[in-house]
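Engineer: sequence and predicted structure are below.
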Amino acid sequence: MKTSRTTTDGGHRNKRRIFTNDMQTKLAVTVLVITLALFALVLVLYNIVKENNEEYSQIVLSQHSSYDSRTIPYRRGDIVDRNGTYLAVSDKVYNLIIDARQIMDGYDLEKGTDKYLDATTTALATAFGYDKTELTNLILENPDSPYIRYKKQLTVDEKENFEKVKADMNEAFSESKIAGERSKKVYGVWFEEEYKRFYPYNESASTVLGFASGDGTTGNGGIEQSYNSVLTGTNGREYGYLNDDSNLETVIKPAVNGNTVVSTIDLNVQQVVEKYIEEWMQTTGSENIGVVVMNPNNGEILAMATDRMYDLNDPRDLSVRYTQAEIDAMSEEEQAEAWYQLWRNYCVSDTFEPGSPAKIFTIAAAMEEGIISGNETFFCDGGQDVAGTYIRCVNRIGGHGNLTVEESLMVSCNDVLMQIVSREGKEVFYKYQDMFGFTQKTGIDLPGEADTSGLGYTLETAGPVDMATNAFGQNYNCTMVQMAAAYCSVLNGGSYYEPHVVKQILNSQGSVVKKVEPLLVRETVSQSTSDFIKEALFQTVYGAKGTGKAAKVEGYELGGKTGTAQKIPRSAKNYVVSFCGFAPVDRPEVLVYVVIDQPHLPGEEQAHSTFASQIFAKIMEEILPYLNVFPETDPSQEGGDGSLPQEEGITDNTANEDGQDPEETQEETPAEPYPDEEVVLPELGNSGVPDHVPGDAGAGGGEDAATAGSTAAEESESGQESRSSQENETETGGEETSSSAEESSSAGETEN
């Protein structure tokens, strides 16, 4: 019995031992397989996270409000005048953002709970006057949207007003004795910062400044375009991420603001110029008028204005030039063209024949080459026969008689200028045309400068009539800024400076990062020639026979040259009048150039240089004291005694039309007094000047070198672009072109 029991117990123990070993083996294998699987899973997860970390981070961050990762806008640089007065600034504005997802977190229609929706829409309606029903429907229709941009470019005052309403309402809710009210809150509204371009002086200096597009990233015209890369900054960024504890943290990369541009413009001088342009347009008026004020000693533009001024804060408002009926009738293309014409800078982008003011360059060239000394006497019998074409001196019946070189400028005699250029010859004359910059762009730092290289004759292309008429500023085109720069080089002793409208570049801390030094391009004339021309131009204003008497300013000694010219087609009897003058005579500190295109008067009534001379005088009378140019201490010298030099010299004139000796003609010259202005005498008939300029269809071949264009500005917020009539060669790139051949020619002058 005992043995049997022992055997039985031992059998059971063996069976249990065999079962335990088997299970242990299986369990070990299972644990090993699971461990290996988990290890493999960890490796797979690690690789997935490693390879897709950025994508998953964005998914995680997207679960938070969008403002946890956002763009920080830069501030476009300011533009100031030479005295630090702000001409263009970027003001901070705010976009109203509604986070519907946050607002709807406290809303349950079935349970009848509403923590945020009613309170928030009430606050928005109270602060801004918005439609509460519209706001409510917008949020209910977009319950999962964290970013609804409801309104753009709210002011600081509007934002602060909402913040006050929000604070007052939330305080009232928290102190409410009604249980349901205490859970309410104005919630889910925030403001996104951006900048809006603003021009404190509206239309002042509009053609010089230009304007920025709606988002402030692109400049259109003027300094805004030429210095766009300087004014533009770089956006910053606020990045959201999860730290080791899964808390959202942010890293901020700050925005880099644009630099400030310090212009050469003097706002006070600019506004004086604009005042008298407006006065002219409100009285007589004209098709165009342009004024350039320049420092002869460094090429700085102190003021530049035309009658095409527009509100920089609303540059697409055409009501300044058109009636509402005219605007409504315009097609999209016509409207784009109207904008283009409104924004066009007449002083830089339009060309015309310069006429009498250009006579100083013919005389200066002859003196520099030793062809004349300035003491010669020439005889004017009323015109010259040039290669079978009779070209008149059309501002005095019977001619001027004997004239010195100085007197030829005083009375604006075409005959004498033709005699002088015949001595020079083509090689000398066109060498100096190039030297004075009439065959190339000035390089002014404004977009849309006209290219006149195809609008003038050269040594190879000029014939006798061309050279004769070019001598007194006819039959070739230039721009106002070309003429002003060339004049300055003669007045300052021979230094041709590149005209420019910017002095300095400052960073956002106000430190100078770039100083625009005057760029001396070339030397043109000697000091002795400069002194001769300045004295002759002084006598043009103050001498007894001078045509510039209307330009006098009491107490000051100044000089200048008149121009009265017939436009193409000559038969239309339309005129351009001009005056280019400076002060003081000995050491010029300021030049003012006035051009009036086709005064709104009939026929020959337009043809009076006094129109331009009077505007010049009014401008000078105000800006000279402001610029610390003091009156002469001896005003009694003003005008002198009117006597003229009596030296005898070479008389180059040929026989007149009747074959008579010039001396006989001299005796028959009428003794009527000289006019106090440059004026066209219609009874003299055809001037003999060709009815075209190079590049015009009437010139007899060659490509049209004056195809028009100036950059049309971009559309603002929509991002669409208006028609661009030309690309501009500026700091932002492109190619400028000049005004159309027809327009350029029609703006030309036939000297009188």
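Structural biologist: Thanks, I have the structure now.
Engineer: make it CA atoms for all contacts and neighbour counts henceforth
Structural biologist: Noted.
Engineer: what does stretch 71-87 contact?
Structural biologist: Under the criterion C-alpha atoms under 8 Å, 6 or more residues apart in numbering, residues 88-90, 193-195, 197, 199-201, 216-217, 230-238, 254-267, 503, 508 lie in contact with stretch 71-87.
Engineer: among those residues, which lie within helices?
Structural biologist: When helices are assigned by DSSP state H, the members of these inside them are Val230, Leu231, Leu267.
Engineer: need the buried ones from the residues you listed selected in ChimeraX.
Structural biologist: Taking 16 or more other C-alpha atoms under 10 Å as the burial criterion, the selection of buried members of the ones in helices among the contacts of stretch 71-87 in ChimeraX is written as:
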select :230,231,267
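Engineer: mind putting the ones in helices among the contacts of stretch 71-87 into TSV with pLDDT and distance to Val516?
Structural biologist: TSV is the format used below for the ones in helices among the contacts of stretch 71-87 (pLDDT from 0 to 100; distance: C-alpha to C-alpha, whole Å):
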residue	pLDDT	distance to Val516
Val230	95	13
Leu231	96	16
Leu267	97	19
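Engineer: hang on, the earlier thing: can you flag the buried ones in the contacts of stretch 71-87?
Structural biologist: 88-90, 193-195, 197, 199, 201, 216-217, 230-234, 236-238, 255-267, 503, 508.
Engineer: what about the strands in the stretch 1-150 of the chain?
Structural biologist: With DSSP state E, counting those that start in this stretch as the definition, the stretch 1-150 of the chain shows strands at residue ranges 70-72, 79-80, 86-98, 107-108, 113-114, 148-154.
Engineer: how far is stretch 573-591 from where the chain is centred?
Structural biologist: Here stretch 573-591 shows a centroid-to-chain-centroid distance of 24 Å under the convention C-alpha atoms, centre = their mean, to the nearest Å.
Engineer: just the buried positions in that stretch, please.
Structural biologist: By 16+ other C-alpha under 10 Å, the buried positions in stretch 573-591 come out as 573-585, 588-591.
Engineer: end to end on that stretch, go ahead and measure it.
Structural biologist: Stretch 573-591 stretches 30 Å from its first residue to its last (C-alpha to C-alpha, to the nearest Å).
Engineer: ok, now stretch 170-185?
Structural biologist: By C-alpha to C-alpha, the extent of stretch 170-185 from end to end equals 5 Å.
Engineer: hang on, the earlier thing: in strands only, show me the buried ones among the contacts of stretch 71-87.
Structural biologist: Among the buried ones among the contacts of stretch 71-87, the members found in strands (DSSP state E) are 88-90, 193-195, 197, 236-238, 260-263, 503.
Engineer: quick check on Asp597: phi, psi?
Structural biologist: Backbone torsions of Asp597, given as degrees, to the nearest 10, read phi -100, psi 110.
Engineer: was I right about it contacting Ile568?
Structural biologist: No - taking contact to mean C-alpha atoms under 8 Å, the distance of 11.8 Å between Asp597 and Ile568 leaves them out of contact.
Engineer: distance to Gln527 for the ones in helices among the contacts of stretch 71-87 - can I get that in CSV?
Structural biologist: Formatted as CSV, the ones in helices among the contacts of stretch 71-87 follow (distance: C-alpha to C-alpha, whole Å):
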residue, distance to Gln527
Val230, 39
Leu231, 40
Leu267, 32
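Engineer: ok, and the closest non-adjacent residue to Glu274?
Structural biologist: Ala305 (6.4 Å; C-alpha to C-alpha, 6 or more residues apart in numbering).
Engineer: neighbouring strands - and their directions - for the host helix or strand of the one you found?
Structural biologist: Element membership of Ala305, judged by DSSP states H and E, is strand 301-306. Using DSSP bridges, the strands paired with strand 301-306 in its sheet are strand 286-294 (antiparallel).
Engineer: what does the strand it pairs with rub up against?
Structural biologist: With contact meaning C-alpha under 8 Å, 6+ apart, strand 286-294 is reached by 273, 277, 300-307, 346-347, 480-481, 484, 590-600.
Engineer: which of those residues are buried?
Structural biologist: Buried subset of the contacts of strand 286-294 (neighbour count, 16+ other C-alpha under 10 Å): 273, 277, 300-307, 346-347, 480-481, 484, 590-599.
Engineer: low-confidence regions, the stretch 51-200 of the chain specifically.
Structural biologist: For the stretch 51-200 of the chain, residues meeting the criterion pLDDT under 70 lie at 52-69, 112.
Engineer: right, and Val186 touches Asp168 too?
Structural biologist: No - shown here, Val186 and Asp168 do not form a contact pair, counting by C-alpha under 8 Å, at 9.9 Å.
Engineer: between those two, which has more neighbouring residues?
Structural biologist: Val186 (23 against 13; other C-alpha atoms under 10 Å).
Engineer: who touches the residue most central in space within the chain in this structure?
Structural biologist: Among the residues of the chain, the smallest C-alpha distance to the mean C-alpha position (C-alpha atoms, centre = their mean) belongs to Gly222, namely 0.9 Å. Residues touching Gly222, when contacts are defined by C-alpha under 8 Å, 6+ apart, comprise Ser206, Thr207, Val208, Leu209, Gly210, Phe211, Leu446, Pro447.
Engineer: distance of the first one from Pro315?
Structural biologist: Think Ser206. Taking C-alpha to C-alpha as the measure, Ser206 falls 9 Å from Pro315.
Engineer: and those two? Which one has more around it.
Structural biologist: Neighbour comparison, Ser206 and Pro315: the larger count goes to Ser206, with 27 against 21 (by other C-alpha under 10 Å).
Engineer: ok, now which ones touch that one?
Structural biologist: Counting by C-alpha under 8 Å, 6+ apart, Ser206 touches Gly222, Met309, Tyr310, Asp311, Leu312.
Engineer: and which of those residues is nearest to Gly425?
Structural biologist: Using C-alpha to C-alpha, the shortest approach to Gly425 within the contacts of Ser206 belongs to Gly222, at 40.1 Å.
Engineer: quick one: pLDDT of that closest one?
Structural biologist: The predicted structure scores Gly222 at 96 on the pLDDT scale.
Engineer: how many neighbours does the residue nearest to it when sequence neighbours are not counted have?
Structural biologist: If you skip the residues right next to it in sequence, Gly222 has Gly210 as its closest partner in space, 4.2 Å away by C-alpha to C-alpha, 6+ apart. Gly210 has 26 neighbouring residues, counting by other C-alpha under 10 Å.
Engineer: from Ser408, how far out is Gly210?
Structural biologist: Gly210 is 42 Å from Ser408, by C-alpha to C-alpha.
Engineer: got it, and Lys426?
Structural biologist: In this structure, Lys426 and Ser408 are 21 Å apart, going by C-alpha to C-alpha.
Engineer: then Gly425?
Structural biologist: Gly425 sits 19 Å away from Ser408, taking C-alpha to C-alpha as the criterion.
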